[in-house]
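> Have a look at this prediction, sequence included:
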Amino acid sequence: MESWSFPPAYDPNYFPDPAARHWFPRRETMPPAQREQAILARLQEVTRYAHAHAPFYRRKWDQAGFHPDKLRTLEDFEDKVPVITKADLREAQARAPMLGDYLCVPESEIHHLHGTSGTTGRPTAFGIGRGDWLAIANAHARIMWAMGIRPGDTVFIAAIFSLYMGSWGTLAGAERLRCKSFPFGAGAPGMTARAAMWLANFKPQAFYGTPSFALHLADVARAEGYEPRDFGFKLLFFSGEPGASVPGVRDKIRAAYNARVIDCGSMAEMSPFMNVAGSEQSDQGMLCWQDVIYTEVCDPKTFRRVPYGERGTPVYTHLERTSQPMIRLLSGDLTLWVNEPNPCGRTYPRLPNGIFGRIDDMITIRGENVYPSEIDALLNQIRDYGGEHRIIITRDGAMDELLVRVEATPGVFERGDAAVAAMRAETAQHVQKVLGLRALIDIVAPGTFARTDFKARRVVDDREVFRQMSEKLAR
């Protein structure tokens, strides 16, 4: 396979023909069965490497009765190699501060340090070696090429440059692709209005950020006197939160900027974060770039692969990482995968609807399982939806209750109480039809909820809010 070895050693001067659709034509379009044989050989190398260098994996695999010499088929990998979790990684880093006993290179070889914030417990640190950083950059460049980004294009990166890996991976990929990198960042007061000014002047070809921020940016740009369509984007690509695969959200972004919308997804531990990503045909969903990061979609209880066409949770394995390789890392996300012809000609499995959200974000309301992304999707199909909402869950007596507070567009309140009541009834009807359950709907004025330039947090568990809203709406 083209330039594929372990450890990876990519030619930094390699570029496909500018007219070529594929970065590595053979790797990306080969028969899946042939690719799986190559992946098996790589998994044998990766597991031997991790077993030799990481006490974490030796201990974990000894307990499961697995040794790399026993890996002879992909079914062996699925059956015999145990999954690892974020909790396992935190324990490993507590045992061997700060990078854990799954670090496979000397600390002197670490080139980048990233990590989680630790807001819900001990932070997790990511140590990335110099060789791995080059491989990450190459993978990002390759996948950005698939999106249609080319050398010389300007890539506007509107995401936080801190511990968050998405912005750094995009920057590394853009630099490898020899683009004009515009690391604008996000997070400081007033940056959204300044972003609109810079975009109007420089007119970059590509934009990276979160879906929430792209919609917020469009609103702010119009308020500042700019037309987002005039920014001239060819495409916008996203990660960090569900949304860009949700038809209502995707269509709003596409309409606001008159550009293609591409969804990407992964985990910070797995970077390159676009181990699954869209391509030029943006409506085809996310591709599983199996020769970069091997993805299995598994039953969340048995961790065995589910058949194509069914839902499960992605389980990820690095095929090129040497510093902190993740081998069968459980994502905790929910998706559905298929294995059918892709419009772009690549022969990878595909997530046609992207990542639905995290399994542990699932809300159970009166026996019905609801994902916040499902509510996002249906609200974005409401004509007068103002772009933000909050999902509030509580228990009223013996019953689970769901309250959805929905921002309306300015025109709804200008038209008076009857228009507000009509929107409330329409929204309640949509919720009932799509989710199969009753919800209390509160229509609120534009600007009620703060916008974000990072991941939107829209779910609240607040019994007191529900009681107050119930009393208000009962009057």
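That came in fine, so what should we check first?
> can you pull the contacts of the residue lying closest to residue 7 once chain neighbours are set aside?
Nearest residue to residue 7 in three dimensions, chain neighbours excluded: residue 322, at 5.0 Å (C-beta to C-beta, 6 or more residues apart in numbering). In this view, the C-beta of every residue, glycine as well, is placed from N, C-alpha and C. Residue 322 sits next to 7, 49, 104-105, 129, 131-132 when contact means C-beta atoms under 8 Å, 6 or more residues apart in numbering.
> how about residue 322, phi and psi?
Main-chain torsions, residue 322, degrees, to the nearest 10: phi -110, psi -20.
> buried subset of the contacts of residue 322?
49, 104-105, 129, 131-132 (16 or more other C-beta atoms under 10 Å).
> from the residues you listed, which single one is nearest residue 224?
residue 132 (40.7 Å; C-beta to C-beta).
> Report pLDDT for that closest one.
Note for residue 132: predicted pLDDT of 96.
> Tell me how far residue 134 lies from residue 111.
Computed as C-beta to C-beta, to the nearest Å, the residue 134 to residue 111 distance reads 9 Å.
> of these two, who's got more company?
Applying other C-beta atoms under 10 Å to residue 134 and residue 111 shows that residue 134 carries more neighbours, namely 17 against 13.
> Could you pull up the residues touching that one?
8, 10, 12.
> buried sites along the helix or strand harbouring it?
Secondary structure from DSSP states H and E places residue 134 in helix 130-147. For helix 130-147, the neighbour count (16+ other C-beta under 10 Å) marks 131-147 as buried.
> Just give me the neighbour total for the closest residue to residue 44 other than its chain neighbours.
The spatially closest residue to residue 44, leaving aside those adjacent along the chain, is residue 71, at 5.4 Å (C-beta to C-beta, 6+ apart). A total of 18 residues lie near residue 71 under the criterion other C-beta under 10 Å.
> residues touching residue 71, list them.
Here residue 71 is in contact with 40, 43-44, 47, 77, 80-81 (criterion: C-beta under 8 Å, 6+ apart).
> most surrounded residue in those residues?
Greatest neighbour count in those, by other C-beta under 10 Å, goes to residue 47: 25 neighbours.
> Surely it touches residue 327?
Yes. Applying C-beta atoms under 8 Å, one finds residue 47 in contact with residue 327, separated by 6.6 Å.
> what residues do these two have in common as contacts?
Contacts common to residue 47 and residue 327, judged by C-beta under 8 Å, 6+ apart, are 57, 81.
> is residue 329 in a bridge, and if so with what?
residue 84, residue 316 (DSSP bridges).
> And it, how far from residue 124?
Distance, residue 329 to residue 124, using C-beta to C-beta: 12 Å.
> Overlap of the contact sets of the two?
Joint contacts of residue 329 and residue 124 (C-beta under 8 Å, 6+ apart) are residue 269.
> centroid residue for the protein?
residue 265 (2.7 Å; C-alpha atoms, centre = their mean).
> what pairs with that one across the strands?
Residues in beta-bridge contact with residue 265 (DSSP bridges): residue 276.
> Model confidence score at the closest residue in space to residue 290 that isn't next to it in sequence, please.
Of all residues not flanking residue 290 in the chain, residue 348 sits nearest, at 5.7 Å (C-beta to C-beta, 6+ apart). What the model reports for residue 348 is a pLDDT of 95.
> Contacts only, for residue 348.
28, 32, 287-290, 342.
> Is residue 4 part of a helix or strand, or is it coil?
coil (DSSP: H, G, I helix; E, B strand; the rest coil).
> quick one: it from residue 42, how far?
8 Å.
> In a helix, residue 193, correct?
Yes. Counting by three-state DSSP, residue 193 is found in a helix.
> Now do the same for it: its pLDDT.
Value listed for residue 193 in the pLDDT field: 94.
> Then residue 395?
At residue 395, the model reports a pLDDT of 67.
> How about residue 258?
97.
> now the one 4 residues further on
At residue 262 the predicted local confidence, pLDDT, stands at 91.
> correct me, but it touches residue 237?
Yes. Between residue 262 and residue 237 a contact is recorded at 4.2 Å, counting by C-beta under 8 Å.
> Those two: who's more crowded?
Neighbour totals were compared for residue 262 and residue 237, and residue 262 leads with 31 against 24 (other C-beta under 10 Å).
> For that one, grab phi and psi.
phi -130, psi 130.
> That one and residue 184: what is the separation?
19 Å.
> Over to residue 123?
From residue 123 to residue 184 the distance is 26 Å (C-beta to C-beta).
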